[in-house]
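[1] give me a 3D structure for the following:
(one chain, ligands or ions: 1)
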Amino acid sequence: MRRVAVLLMLAALGCGGEDAGPVADAGAGSGANGWQLVWSDEFEGSAGAPPDPRFWTPEVGGDGWGNEQLEFNTDRRENAALDGSGHLVITARRELYQGASYTSARLITRGLVEVSQGRVEARLKMPVGSGMWPAFWMLGASFPETSWPACGEIDVVEYRGQEPGIANAALHGPGYSGGQAIDDSTAVAGGGLNRDFHIFAVEWSADEIVWLVDEYPYHRVTRETLPPLTTWVFDQPFFLLLNLAVGGSYVGPVGADTVFPQAFVADYVRAYEVAP
Ligand SMILES: [Ca+2]
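    The predicted structure follows:
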């Protein structure tokens, strides 16, 4: 049976048709490297517009998000908006807000866009400075009914603002999560990932996930290489997350020399399936 690579659940598509821009023409992207584009958000829209609500929901809160993160994530355009030039900008600000000292945003596609085996990629430009923790990642669509880490987590890219030349990949599941995640990192040619856009991707098949930066594969996990007695939980759809954390367990404190505001900029997020 052929697997369905991408499920779109676009409940809001019922009215109007003039603003269908971000929805990919499923035939338009076929060809390159055997991938067929099945969904994308190119972040086209007017400056100051919110992230497309057909795809993205802001998760609001400031409880540390399980990682001692310092920011309060809002649904304000000050923290997440299009720039009018084809980009989504998530902005971390130093400001007192709801008891937190910083604000930022965390956008998720849960219930709206789910991806499965294929290729998932984003073209991103990172913030910089100690304590900046942007991530493009995925959680199993059964979350939160299935608790973490049993739901599975694929971190397409994580990044520490104090190490601006390093891209980090990780896979979390039952028996391999948190400090025991199956992870790796690579130094990216040219140095700072904050200076230019780079393309971060995973290529995901029935038995293997490969992480790439600018098409260079640097991390690979297969069913067979999982730790003994643990389970592969990547046979299900996943939803996407884009967020910029400030501080927390992965990056440590905010540096005294970290300049605010800081921007995590996305040119696009795309999902492909294997071309028929
Ligand atoms: Ca774009």
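[2] the ion contacts on the stretch 151-276 of the chain?
    Contacts of the stretch 151-276 of the chain with the ion, taken as Cβ under 5 Å from the ion, map to 267-268. The C-beta positions use only the backbone N, C-alpha and C, and glycine is treated the same way.
[3] what segments of the stretch 151-276 of the chain are strands?
    Using DSSP state E, counting those that start in this stretch, the strands assigned to the stretch 151-276 of the chain run over residues 153-158, 166-172, 182-187, 198-205, 208-213, 216-222, 238-246, 262-274.
[4] between those, which one is nearest to residue 35?
    Shortest distance between residue 35 and the strands of the stretch 151-276 of the chain, using Cβ to Cβ, is found for strand 262-274: 3.7 Å.
[5] average pLDDT across the closest one?
    Regarding strand 262-274, the rounded mean pLDDT is 98.
[6] identify each buried residue in stretch 180-196, please.
    For stretch 180-196, a neighbour-count test (16 or more other Cβ atoms under 10 Å) marks 182-183, 185-186, 188, 193-194 as buried.
[7] what sits closest to residue 46 if chain neighbours are left out?
    Leaving aside its sequence neighbours, residue 46 sits nearest to residue 84 (Cβ to Cβ, 6 or more residues apart in numbering; 5.6 Å).
[8] right, and the helix or strand after the helix or strand of the chain with the lowest mean pLDDT?
    The least trusted helix or strand in the chain, going by mean pLDDT, DSSP states H and E, turns out to be strand 6-8, with a mean of 44. Using DSSP states H and E, the helix or strand that follows strand 6-8 in sequence is strand 35-41.
[9] can you report how many residues lie near the residue in the stretch 51-200 of the chain that the ion sits nearest to?
    Residue nearest to the ion within the stretch 51-200 of the chain: residue 86 (3.3 Å; Cβ to the ion). Residue 86: 13 surrounding residues under other Cβ atoms under 10 Å.
[10] contacts only, for residue 217.
    With contacts defined as Cβ atoms under 8 Å, 6 or more residues apart in numbering, the neighbours of residue 217 are 210-211.
[11] JSON lines for the buried residues of stretch 180-196, including pLDDT and distance to residue 44?
    Listed next are the buried residues of stretch 180-196 as JSON lines, based on pLDDT from 0 to 100; distance: Cβ to Cβ, whole Å:
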{"residue": "182", "pLDDT": "98", "distance to residue 44": "36"}
{"residue": "183", "pLDDT": "98", "distance to residue 44": "34"}
{"residue": "185", "pLDDT": "98", "distance to residue 44": "32"}
{"residue": "186", "pLDDT": "98", "distance to residue 44": "31"}
{"residue": "188", "pLDDT": "94", "distance to residue 44": "27"}
{"residue": "193", "pLDDT": "98", "distance to residue 44": "23"}
{"residue": "194", "pLDDT": "98", "distance to residue 44": "23"}
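[12] pull the most distant pair out of those.
    Going by Cβ to Cβ, the pair spanning the buried residues of stretch 180-196 furthest: 182 and 194, at 26.5 Å.
[13] quick check, central residue of this protein?
    Ranked by distance to the mean C-alpha position of the chain (Cα atoms, centre = their mean), the top residue is residue 136 at 1.9 Å.
[14] so what's the residue of the stretch 151-276 of the chain found nearest the ion closest to, chain neighbours aside?
    Nearest residue of the stretch 151-276 of the chain to the ion, counting by Cβ to the ion: residue 267, 4.2 Å away. Nearest non-adjacent residue to residue 267, counting by Cβ to Cβ, 6+ apart: residue 123, 4.0 Å away.
[15] give me phi/psi at that neighbour?
    phi -110, psi 120 (degrees, to the nearest 10).
[16] from what I see, it and residue 196 are in contact.
    No - using Cβ atoms under 8 Å as the test, residue 123 is too far from residue 196 to be in contact (10.1 Å).
[17] returning to what we had before: helix, strand, or coil at the residue nearest to the centre of the chain?
    Following DSSP: H, G, I helix; E, B strand; the rest coil, residue 136 is assigned to strand.
[18] so who does it touch?
    Residue 136 sits next to 122, 124, 155-157, 200, 240-242, 266, 269 when contact means Cβ under 8 Å, 6+ apart.
[19] switch to 6 Å and redo it
    122, 156-157, 242 (Cβ atoms under 6 Å, 6 or more residues apart in numbering).
[20] how about residue 191?
    Residues counted as contacts of residue 191 (Cβ under 6 Å, 6+ apart) are residue 165.
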